[in-house]
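Asks: Fold the following for me, if possible:
(4 chains)
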There are 2 protein chains.
Amino acid sequence: MALEIKPTQALRLWREVHLDLVRDTQADLSVRQTAILLTIYLELPPHTVRGLAARLGVTKPVITRALDSMGKLGLVTRKRDEFDKRNVVIQRTVAGALAVEHLADLVTARARELGAA
Amino acid sequence: MALEIKPTQALRLWREVHLDLVRDTQADLSVRQTAILLTIYLELPPHTVRGLAARLGVTKPVITRALDSMGKLGLVTRKRDEFDKRNVVIQRTVAGALAVEHLADLVTARARELGAA
DNA sequence: CCGGATCGTTACGGGGCCGTATCATTATCG
DNA sequence: CGATAATGATACGGCCCCGTAACGATCCGG
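Replies: Alright, predicted model coming up:
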């Protein structure tokens, strides 16, 4: 069952949510960071630096740095893989789950406000 | 007529489009720039620096700098207001319209792919 | 006509992100 | 064991963005 959305609706939805994000001083994630965060919280674990880099089509340092800054914000945590100590497993946090949930609220609320176009 | 979308669908849509944006080397707009671009192309002209700053809840230099970089990309143009030469009128461009249309395509295409959740 | 208000821009200091190249650590295989 | 591969982190130079404060240009009211 697909979600039907018209181009004008899509643009208005995108704009309203982005206006909310800009006004929301707290949320200061870049496009890359947002993609990483949502991948971690929507796809099945385990998540690794290498896996995320391949998934997003970016280099590993991008992931490492994004995890650094998102870690400072408390949105994710890192843990060494005990079975292969070269790997780092990225874990979810309560704050991260709340942030994702907040984003979902924003999008659904703005979608609900959209008139037909 | 509102657009009904479930939280899980919203998050998946957001993630897929953001993955597209990350992979699309060309599109390199920040959240602020995206909000500005869509405001210019979705709301009725005329648009001014001061108006956009108030609309987004940011300071004027933010708008000036965003217009600088978006101008380099050919997405917008500036013109002095002839009736009040203090004002600058922001104008749309063909390239900007295409970029907005491309974003609409991305969102609608990803929405169509979404299964019910 | 002139002082104050308004508009957009610029200067400054600070911080973040980028890609490339390199590094330390760990695993693997002969 | 020792060489090689793989993983994530780090160093570097460069670029962009931010907020505050100041600036020149323009309009307006007395």
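Asks: Quick one: check stretch A:45-63 for contact with DNA strand D.
Replies: Yes - judged by C-beta under 7 Å from any atom of the strand, stretch A:45-63 and DNA strand D are in contact via A:48-51, A:60-61, A:63. C-betas here are computed from N, CA, C, even on glycine.
Asks: how close does the closest residue to residue A:15 other than its chain neighbours sit to DNA strand C?
Replies: Once flanking residues are discounted, residue A:15 sits nearest to residue B:38: 3.8 Å by C-beta to C-beta, 6 or more residues apart in numbering or on different chains. As defined by C-beta to the nearest atom of the strand, to the nearest Å, residue B:38 lies at a distance of 19 Å from DNA strand C.
Asks: Could you do residue A:50 as well?
Replies: Residue A:50 sits 12 Å away from DNA strand C, going by C-beta to the nearest atom of the strand.
Asks: what sits against the residue nearest to residue A:15?
Replies: For residue B:38, the contact set (C-beta atoms under 8 Å, 6 or more residues apart in numbering or on different chains) comprises A:11, A:14-15, A:18, B:100, B:103.
Asks: Just the buried ones from the residues of stretch A:45-63 next to DNA strand D?
Replies: Among those, the ones that count as buried by 16 or more other C-beta atoms under 10 Å in any protein chain shown are A:48-49, A:63.
Asks: Closest one of those residues to chain B?
Replies: If you rank these by distance to chain B using C-beta to the nearest C-beta, residue A:63 comes first, at 11.5 Å.
Asks: Which of the helices or strands spans the closest one?
Replies: Residue A:63 is located in helix A:60-72, with elements delineated by DSSP states H and E.
Asks: List of residues touching the next helix or strand after that helix?
Replies: Under the assignment DSSP H and E, the closest C-terminal helix or strand after helix A:60-72 is strand A:76-80. Outside of strand A:76-80, the residues that reach it under the criterion C-beta under 8 Å, 6+ apart are A:37, A:40, A:67, A:70-71, A:87-93, A:96.
Asks: Quick one: mark the members of those residues that sit in strands.
Replies: Using DSSP state E, the members of the contacts of strand A:76-80 that fall within strands are A:88-92.
Asks: Grab the two from the residues you listed that are most spread out in space.
Replies: For the ones in strands among the contacts of strand A:76-80, the maximum inter-member distance is 14.3 Å, found between A:88 and A:92 (C-beta to C-beta).
Asks: any idea how far the residue lying closest to residue A:91 once chain neighbours are set aside is from residue B:15?
Replies: Counting by C-beta to C-beta, 6+ apart, the nearest residue to residue A:91 once its immediate chain neighbours are dropped is residue A:77, at 4.6 Å. According to C-beta to C-beta, to the nearest Å, residue A:77 stands 20 Å off from residue B:15.
Asks: What are the buried residues along the lengthiest helix in chain A?
Replies: In chain A, taking DSSP state H as the definition, the longest helix is helix A:94-113. The neighbour-count criterion (16+ other C-beta under 10 Å) identifies A:96, A:99-100, A:103-104, A:106-108, A:110-111 as the buried residues of helix A:94-113.
Asks: ditto for stretch A:63-83
Replies: In terms of neighbour count (16+ other C-beta under 10 Å), stretch A:63-83 has its buried residues at A:63, A:66-67, A:70, A:73, A:75-76.
Asks: repeat for stretch A:11-26
Replies: Under the neighbour-count criterion of 16+ other C-beta under 10 Å, stretch A:11-26 has A:11-22 buried.
Asks: roughly how far is it from the heart of the chain?
Replies: In terms of C-alpha atoms, centre = their mean, to the nearest Å, the centre of stretch A:11-26 is set 15 Å apart from its chain centre.
Asks: So it, near DNA strand D or not?
Replies: No - against DNA strand D, stretch A:11-26 shows no contacts by C-beta under 7 Å from any atom of the strand, the least distance being 7.7 Å.
Asks: Great, nothing more from me.
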